[in-house]
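Enquirer: Predicted model and sequence follow; I will ask about them next.
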Amino acid sequence: MTATDTLRDLFSIEGKVAVVTGGSRGIGLMIARGFVQAGARVYISSRRGDVCEQVAAELSEYGECIPFGQDLSTVEGAERLAAFVAEREPKLDILVNNAGALWDAPLEEYPDSAFDKMWNINVKGVFHLTRLLLPQLRAAATLENPARVIVVGSADAIKVPEWETYGYSASKAGVHMLSRHLAHRLAAEHITVNVISPGAFESKITSGILGTDEGRQEMIDYVPLHRIGTPEEMAGTAIYLASRASGYLTGAIIPIDGGMTTHG
């Protein structure tokens, strides 16, 4: 085996089984596409079943992608997705908890319902699905090659955001701590839990800002590296966390934000 082969094997996820929630668009789609192209069998979920099926058909041109439309803001939705996966997969190597939502409104107008929505999908959805898929994660986990849980947090959970997203930033900070708690609890079972905290990437959540020339330029000016993140950079970070290369990493929060969180 050559040095190149060894390095390729270190970052390989070929033959792995993965679930990516919110996998039909934005950051979830970036990760799901990267996983499929890297040779994993990938289950994607989203609230829009028709969109989920369409995206899965497109990704299936590169490999295996199985859709399942489901709303993960309720425990019943998480139960249905977990049952769908469990019926088909005795082992689950990678769970990517990406499904989430954002609410932006002025302080005086920020509704109580926004906090409920943010908490239900951004925090409880992560907790319930991880808990429900533990049998499959445990079946895949070994001392040398742990099963992986990857949680998509936010740079807004690390620094105070410039925008009025109170329930979103608070819930993402909550999921950061939840992930560290899960990492500590599950380490003895050879399951790692790490967080990707994105900054400016193209997604529905950022469309309100990046959807106009003025907003896009404002964001670019705010990011120290002066650009928007690429799908390849997001996929590459997720593949690292899913591969043997990150086997000794757990409880980490990785800002992939062009330096946004260096603002303090």
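Expert: Yes, it's here. Numbering: from 1, shown residues only.

Enquirer: only C-alpha atoms for contact and neighbour calcs from this point on.
Expert: Fine.

Enquirer: separation between R138 and F127?
Expert: For R138, the distance to F127 equals 16 Å [CA to CA, to the nearest Å].

Enquirer: Just the helices from the chain, written as ranges.
Expert: Remark: helices assigned in the chain by DSSP state H are 3-10, 26-37, 49-59, 75-88, 112-119, 125-132, 134-140, 166-186, 207-210, 213-222, 231-242.

Enquirer: between those, which gets nearest to M260?
Expert: For M260, the closest of those is helix 213-222, at 7.2 Å, according to CA to CA.

Enquirer: which residues are in contact with that closest one?
Expert: Contact with helix 213-222 is made by 200, 209-210, 226-228, 260, as judged by CA atoms under 8 Å, 6 or more residues apart in numbering.

Enquirer: Repeat that for stretch 227-247.
Expert: Residues from elsewhere that reach stretch 227-247, judged by CA under 8 Å, 6+ apart: 10-13, 27, 30-35, 94, 144-146, 148, 150, 192, 194, 196, 199-202, 220, 256-258.

Enquirer: Can I have the buried ones of those residues as a ChimeraX selection?
Expert: If you want just the buried ones from these in ChimeraX, going by 16 or more other CA atoms under 10 Å, the selection is:
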select :11,12,13,27,30,31,32,33,34,35,94,145,146,148,150,192,194,196,199,200,201,202,220,256,257,258
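
Enquirer: Which ChimeraX command selects the buried ones in the contacts of helix 213-222?
Expert: Selection of buried members from the contacts of helix 213-222 for ChimeraX, criterion 16+ other CA under 10 Å:
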select :200,209,210,227,228,260
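
Enquirer: Any idea which of the contacts of helix 213-222 the model trusts least?
Expert: Between the contacts of helix 213-222, the one the model trusts least by pLDDT is I209, at 75.

Enquirer: got a list of what it touches?
Expert: Contacts were defined as CA under 8 Å, 6+ apart; by that measure I209 touches 215-216, 219.

Enquirer: now the contacts of helix 213-222 as TSV including distance to P111?
Expert: Listed next are the contacts of helix 213-222 as TSV, based on distance: CA to CA, whole Å:
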residue	distance to P111
A200	25
I209	21
L210	24
H226	33
R227	33
I228	30
M260	27
